[in-house]
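Enquirer: Quick one: sequence plus predicted model below, questions after.
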Amino acid sequence: MLGFVTQQQIKAVIPAAGLGTRFLPATKAMPKEMLPVVDKPAIQYVVEEAVDAGIDDVLVIIGRNKNAIANHFDSVPELEVKLMEKGDTGRLERVVKSTDMGDIHYVRQGEPKGLGHAVLRARTHVGDSSFAVLLGDDLIDARDPLLTTMLDKHRETGATIIALMEVDPDSIHMYGAAAVEETGTDGFVKVTGLVEKPAREDAPSNLAVIGRYVLPPAVFDILERTEPGKGGEIQLTDALQELAADADGPGVYGVVFGGRRYDTGDRADYIKAIVQLAADRDDLGPELRPWLKEFAERL
């Protein structure tokens, strides 16, 4: 029966073919997913999240000029030898970690036709198993695990599981918004409908879809026939809406996340993410936190 699968069967898909126009000119030659968040590229946080949730097979959907992503997760023997000769074991461990986290694969999206199209490009690699989709713009703090909970709920129900988060109603136009029903379990809701980037007055709730999904393989057939929607792109939201409306299927449910999430797709939020993560670190926080207080007082 589709849906009820072991964690070992589930693969992770990370769409990373976007142009990163909001970060130009920095992203003219560098993929936005490789922009550093403190001292790791954003995409490494996402891969680490998948691996920490027990997924060791990761497919990255890339586009043109994205070779730096593959290079980052590849080994660099000459660098490792230099660090070993210098006795710099700390940096050596961090460099080796990025190459030993899991089995990472790549496929090109070709034309950027939207998130739904990017997910569809994973079909051959994923096959007939459920899979997780993690968007590289959304970083979930490792201290507040989300994906593990979503995988557990998928195994329990066989349903599509999406991550939801309460946002300011004035910001709902930036997200997909979910219409939901309570299930009797705190933080776990049944999704009855989805609207992509609605105006505030048209939003069914202030529960926004954030970039984590656990999807059944049936979504591929739906995406194959999904016409371009908002923005002229093939929207994953439209496919999720069809899954939610299928009275004979297991449905779509949402895990309402209340932890720490960092949006690295927006310039201001990207800077906030760096500051927050750095301030919490043992090696940087003691120096950074007093400086931040002094700086804030001068504003």
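Expert: Done, it's in. Numbers count the residues shown, from 1 in each chain.

Enquirer: need the helices for the stretch 51-200 of the chain, in chain order.
Expert: Under the criterion DSSP state H, counting those that start in this stretch, the stretch 51-200 of the chain contains helices at 67-73, 77-86, 89-100, 115-120, 123-126, 147-157.

Enquirer: Is it possible to get these out as TSV so that each row also shows mean pLDDT and mean neighbour count?
Expert: Every residue, glycine included, has its C-beta placed from N, CA and C. Output for the helices of the stretch 51-200 of the chain, formatted as TSV (pLDDT from 0 to 100; neighbours: other CB atoms under 10 Å):
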stretch	mean pLDDT	mean neighbour count
helix 67-73	88	16
helix 77-86	88	12
helix 89-100	85	13
helix 115-120	93	24
helix 123-126	94	16
helix 147-157	95	18
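
Enquirer: who wins for proximity to residue 218 among these?
Expert: With CB to CB as the measure, helix 123-126 is the member of these nearest residue 218 (11.4 Å).

Enquirer: picking that back up, could you dump the helices of the stretch 51-200 of the chain into CSV and include distance to residue 51?
Expert: Conversion of the helices of the stretch 51-200 of the chain to CSV gives the following (distance: least, CB to CB, whole Å):
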stretch, distance to residue 51
helix 67-73, 12
helix 77-86, 20
helix 89-100, 10
helix 115-120, 20
helix 123-126, 17
helix 147-157, 10
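
Enquirer: closest one to residue 224 among those?
Expert: Counting by CB to CB, residue 224 lies closest to helix 115-120 out of the helices of the stretch 51-200 of the chain; the figure is 6.8 Å.

Enquirer: Show me the contact partners of stretch 283-292.
Expert: Here stretch 283-292 makes contact (CB atoms under 8 Å, 6 or more residues apart in numbering) with 38, 275, 278-279.

Enquirer: Pull out the buried residues from it.
Expert: residue 288 (16 or more other CB atoms under 10 Å).

Enquirer: ok, back up a step: residue 209 is nearest to which of the helices of the stretch 51-200 of the chain?
Expert: helix 115-120 (10.7 Å).

Enquirer: how much distance is there from the closest one to the middle of the chain?
Expert: Helix 115-120 has its average C-alpha position 13 Å from the chain's average C-alpha position, going by CA atoms, centre = their mean, to the nearest Å.

Enquirer: just checking, what packs against that helix?
Expert: Where contact means 3 or more CB pairs under 8 Å, 6 or more residues apart in numbering; DSSP states H and E, helix 115-120 is packed against strand 11-16, helix 218-225, helix 236-245.

Enquirer: Tell me which of those is the most buried.
Expert: A comparison of these by mean neighbour count, using mean count of other CB atoms under 10 Å, puts strand 11-16 on top with a mean of 26.

Enquirer: strand partners of that strand, parallel vs antiparallel please.
Expert: Sheet pairing here is set by DSSP bridges, and for strand 11-16 it gives strand 57-62 (parallel), strand 131-134 (parallel).

Enquirer: Just send those strands back as JSON lines, with distance to residue 241 too.
Expert: Formatted as JSON lines, the entries for the strands paired with strand 11-16 read as follows, by distance: least, CB to CB, whole Å:
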{"stretch": "strand 57-62", "distance to residue 241": "22"}
{"stretch": "strand 131-134", "distance to residue 241": "16"}
